[in-house]
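[1] sequence plus predicted model, see below.
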Amino acid sequence: MTFLHVLDGAEVLSQSGDPGISGLEYDSRKVKPGCVFLAMRGETTDGNRYIDKAIASGAVAIVTDSAAEQPREGVAWALVPHGRRALARLSANFFGSPANRLRLTGITGTNGKSTTTFLVESILRAAERKCALVGTIEYHVADRVLPAPHTTPESLELQQMFSDAVRAGVTEAVMEVSSHALAQQRVFGLAYDVAVFTNLTRDHLDYHHTMDEYFVAKGILFEGSGASPPRLAVINIDDEYGRTLVTTSRSRRSKVVTYGLSAGDFHADKIDITSRGTRFDMTTPDGVIPIWSPLIGRVNVYNVLAAAGAAWGRGCNSNQIAEGIAALSFVPGRFQRVDCGQPFTVVVDYAHTDDALRNLTALAREFVKQSGGKGRVITLCGCGGDRDRNKRPLMGEAGGKGSDFVVLTSDNPRSEDPLSIINDALVGLQRSGAKYKVEPDRRAAIALAIGEAMAGDIVLLAGKGHEKVQITREGSRPFDDAEVARDILRQSGYDCGGAQKAASIQAGKP
């Protein structure tokens with residue numbers, strides 16, 4: 001492949017040279033001889049500062065988004081108006097446009113993306129289709145599971161994953177599409193067949209600044225970015241932003257399918273939530289489908305409806321939809337139970353916004369009610385550092401209002417002082433009137449929450465979910481809420497191994 005081949009279709013302001021190229025990188029530390037180095041301005045650094053380092057490492061061509069940079073002697077050169085758009089186009093060209101051989105389903109929204117993505121994948125597998133999954137928890141390429149450093153990776157890694165998927169015989173890709181990825185045009189040029197909107201609540205305002213800007217970013221998925229709008233838009237009409245998106249999607253000539261708890265093309269009747277799962281009748285354009293899901297609560301009814309709408313749009317029939325939903329017993333870090341045979345329930349969940357905490361504590365209240373009704377909801381929560389400070393008191397209040405007892409602790413404080421973050425959240429927690437304790441050390445806080453629990457209670461370990469590290473100003477250290485909880489339960493005399501074996505035998509039985 002030559003430099004001109006890899007530039008094909010990109011927006012180029014000026015260009016010189018056409019060497020053969022063997023690789024493409026935007027990180028100068030990964031450059032090898034024969035590479036194209038794409039130097040682009042990022043959120044925290046400017047790749048143009050590393051052009052000479054890349055050349056010293058063997059780069060034979062430079063693509064830059066800075067007109068201030070001058071071509072270097074003996075090196076091919078291209079100036080582009082937008083670095084990430086160029087990276088997306090060059091990446092697609094380098095890997096042979098693998099996304100064109102996949103049917104893409106993109107899922108965006110504040111809450112529910114991960115669970116909905118796992119559900120869609122499960123249904124597609126029930127329809128005997130090979131899938132790739134891209135999301136917050138992990139990446140899947142056919143039967144391989146890969147770590148997920150970002151919800152939506154940069155286009156270079158995304159196209160490489162798609163290339164691997166096509167070689168493995170994959171025909172469908174299901175993606176969480178984050179607002180950051182949409183705003184930064186990491187998915188520029190991808191043509192989505194189906195796009196799903198789950199909801200929009202306060203999050204990421206440290207980046208987007210206002211809810212309107214946040215919504216505009218989410219809306220890019222439905223407009224098309226460097227590609228046509230999706231053929232089908234699946235939209236939650238119980239959400240006010242969703243109702244707006246219905247109108248705009250129709251104006252862009254996408255077919256629109258709506259869903260909601262009691263209204264929409266897909267909606268639920270006769271909802272029966274138990275401590276073992278959720279049963280309901282799902283109305284669809286093709287009739288009513290009886291649904292059983294091991295996932296618990298009304299929030300998961302929404303996720304099932306969204307996934308069913310997307311899978312229906314991809315041509316799955318009623319039996320495949322029902323089978324795929326029933327097959328997904330849990331999603332890592334999403335109302336994930338830690339069972340060591342203790343007489344109370346311990347749950348790990350990713351809830352890290354005030355709306356998600358409200359949903360989680362409401363689900364926990366339903367859960368204890370179904371289990372006899374006398375248990376308490378004990379919630380451990382915290383707030384992330386270097387993020388929107390204004391949501392911290394809202395989270396504290398949401399956690400307090402939904403709980404009988406709260407342990408306020410650290411989440412990922414990043415560069416901030418954990419006590420400063422806790423004090424911001426404490427304002428809202430005190431406003432709720434709930435009983436609480438403050439413990440900045442997360443491990444000690446988990447021990448405190450579990451130690452507080454009595455028979456019939458539910459302990460919610462909220463905020464980090466599937467994450468395997470805690471990020472502090474000293475760096476990242478291994479930390480897994482579920483494993484820490486198991487260690488504490490073992491130290492309290494419970495048999496985690498025996499309980500896990502019993503749970504695996506029972507898994508999937510309604």
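    Sure thing, it's come through.
[2] only C-alpha atoms for contact and neighbour calcs from this point on.
    Fine.
[3] tally of neighbours for Thr2?
    Applying other Cα atoms under 10 Å, we find 14 residues neighbouring Thr2.
[4] contacts only, for the nearest residue to it once chain neighbours are set aside.
    Leaving aside its sequence neighbours, Thr2 sits nearest to Gly20 (Cα to Cα, 6 or more residues apart in numbering; 4.2 Å). Residues near Gly20 by Cα atoms under 8 Å, 6 or more residues apart in numbering: Met1, Thr2, Phe3, Gly34.
[5] show the buried residues in the residues you listed.
    Buried members of the contacts of Gly20, counted by 16 or more other Cα atoms under 10 Å: Phe3, Gly34.
[6] just the ones of the contacts of Gly20 in helices?
    Counted as lying in helices by DSSP state H, out of the contacts of Gly20, are Phe3.
[7] quick check, Gly9 in contact with Arg89.
    Yes: look at Gly9 against Arg89 with Cα atoms under 8 Å: they come within range, at 7.0 Å.
[8] okay, those two: which has more neighbours?
    For Gly9 versus Arg89, neighbours defined as other Cα under 10 Å are more numerous around Arg89 (25 against 12).
[9] tell me which element the more buried one falls in.
    Using DSSP states H and E, Arg89 sits in helix 83-94.
[10] re earlier: tell me the one among the contacts of Gly20 nearest to Cys316.
    Nearest to Cys316 out of the contacts of Gly20 is Met1 (Cα to Cα; 39.0 Å).
[11] touching, the closest one and Gly23? I think so.
    No: with contact defined as Cα under 8 Å, Met1 and Gly23 do not form a contacting pair (9.4 Å).
[12] which residues are in contact with both of these two?
    With Cα under 8 Å, 6+ apart, Met1 and Gly23 have common neighbours Phe94.
[13] picking that back up, what is the nearest of the contacts of Gly20 to Gly456?
    Among the contacts of Gly20, Gly34 lies closest to Gly456 (Cα to Cα), at 63.4 Å.
[14] quick one, phi/psi of the closest one?
    When read as degrees, to the nearest 10, the backbone of Gly34 gives phi 90, psi 0.
[15] now do the one 3 residues further on
    Dihedral pair for Phe37: phi -110, psi 120, per degrees, to the nearest 10.
[16] could you list the low-pLDDT ranges of the stretch 201-350 of the chain?
    Scanning the stretch 201-350 of the chain for pLDDT under 70 picks out the ranges 202-209.
[17] report how many residues lie close to Trp137.
    Just to correct that, residue 137 is Ile rather than Trp. Per other Cα under 10 Å, the neighbour tally for Ile137 reads 21.
[18] the chain - how does it break down into domains?
    Using automatic domain parsing, the domain ranges for the chain come out as 3-94, 98-327, 336-501.
[19] so how far is the second one off the chain centroid?
    Here domain 98-327 shows a centroid-to-chain-centroid distance of 10 Å under the convention Cα atoms, centre = their mean, to the nearest Å.
[20] now do the last one
    Relative to the mean C-alpha coordinate of its chain, domain 336-501 is positioned 20 Å out (Cα atoms, centre = their mean).
[21] do the same with the first one
    Mean-position distance between domain 3-94 and its chain equals 30 Å (Cα atoms, centre = their mean).
[22] how much space between the residue positioned nearest the centre of the chain and Arg442?
    The chain has Thr136 as the residue nearest its centroid, 3.7 Å off, counting by Cα atoms, centre = their mean. Applying Cα to Cα, to the nearest Å, the value for Thr136 to Arg442 is 22 Å.
[23] and Ala425, by the same measure?
    Ala425 sits at a distance of 15 Å from Arg442 (criterion: Cα to Cα).
[24] try Val63
    45 Å.
[25] please say which of the two ends up with more neighbours.
    Between Val63 and Arg442, Val63 has the larger neighbour count (other Cα under 10 Å), namely 28 against 22.
[26] what about the strands in the stretch 351-500 of the chain?
    Per DSSP state E, counting those that start in this stretch, the stretch 351-500 of the chain carries strands over the ranges 377-381, 405-408, 435-438, 458-462, 469-472, 475-478.
[27] I'd like those strands as CSV, with mean neighbour count appended.
    As requested, these are exported to CSV (neighbours: other Cα atoms under 10 Å):
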stretch, mean neighbour count
strand 377-381, 27
strand 405-408, 25
strand 435-438, 16
strand 458-462, 29
strand 469-472, 18
strand 475-478, 11
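[28] dump those strands into JSON lines; add distance to Ala68 and mean pLDDT as well.
    Compiled in JSON lines, the strands of the stretch 351-500 of the chain are given as follows (distance: least, Cα to Cα, whole Å; pLDDT from 0 to 100):
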{"stretch": "strand 377-381", "distance to Ala68": "47", "mean pLDDT": "98"}
{"stretch": "strand 405-408", "distance to Ala68": "49", "mean pLDDT": "98"}
{"stretch": "strand 435-438", "distance to Ala68": "52", "mean pLDDT": "98"}
{"stretch": "strand 458-462", "distance to Ala68": "47", "mean pLDDT": "98"}
{"stretch": "strand 469-472", "distance to Ala68": "36", "mean pLDDT": "96"}
{"stretch": "strand 475-478", "distance to Ala68": "35", "mean pLDDT": "96"}
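[29] I'd like to know which of these is closest to Lys130.
    For these, proximity to Lys130 was assessed by Cα to Cα; strand 469-472 is nearest, at 30.9 Å.
[30] what packs against the closest one?
    Packing contacts for strand 469-472, counted by 3 or more Cα pairs under 8 Å, 6 or more residues apart in numbering; DSSP states H and E, involve strand 475-478.
[31] the strand it packs on pairs with which strands, and in what direction?
    Paired neighbours of strand 475-478 in the sheet (DSSP bridges): strand 469-472 (antiparallel).
[32] quick one: pLDDT of Asn100?
    Listed pLDDT for Asn100 reads 97.
[33] show the contacting residues for it.
    Neighbouring residues of Asn100 by Cα under 8 Å, 6+ apart: Ala191.
[34] next, it: secondary structure please.
    Under DSSP: H, G, I helix; E, B strand; the rest coil, the three-state class of Asn100 is helix.
[35] where do the helices sit along the stretch 301-450 of the chain?
    Using DSSP state H, counting those that start in this stretch, the helices of the stretch 301-450 of the chain run over 318-327, 354-370, 391-401, 418-432, 442-452.
[36] for the first one, list the C-alpha coordinates in PDB.
    Taking only C-alpha atoms (Å, rounded to 0.1, in the frame of the first residue of the first chain), the coordinates of helix 318-327 have been written out as PDB:
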ATOM      1  CA  SER A 318     -39.900 -13.600  17.900                       C
ATOM      2  CA  ASN A 319     -38.400 -16.900  19.000                       C
ATOM      3  CA  GLN A 320     -34.800 -15.700  18.500                       C
ATOM      4  CA  ILE A 321     -35.600 -12.500  20.500                       C
ATOM      5  CA  ALA A 322     -37.100 -14.400  23.400                       C
ATOM      6  CA  GLU A 323     -34.300 -17.000  23.400                       C
ATOM      7  CA  GLY A 324     -31.500 -14.500  23.300                       C
ATOM      8  CA  ILE A 325     -33.000 -12.400  26.200                       C
ATOM      9  CA  ALA A 326     -33.500 -15.500  28.300                       C
ATOM     10  CA  ALA A 327     -29.900 -16.600  27.600                       C
END
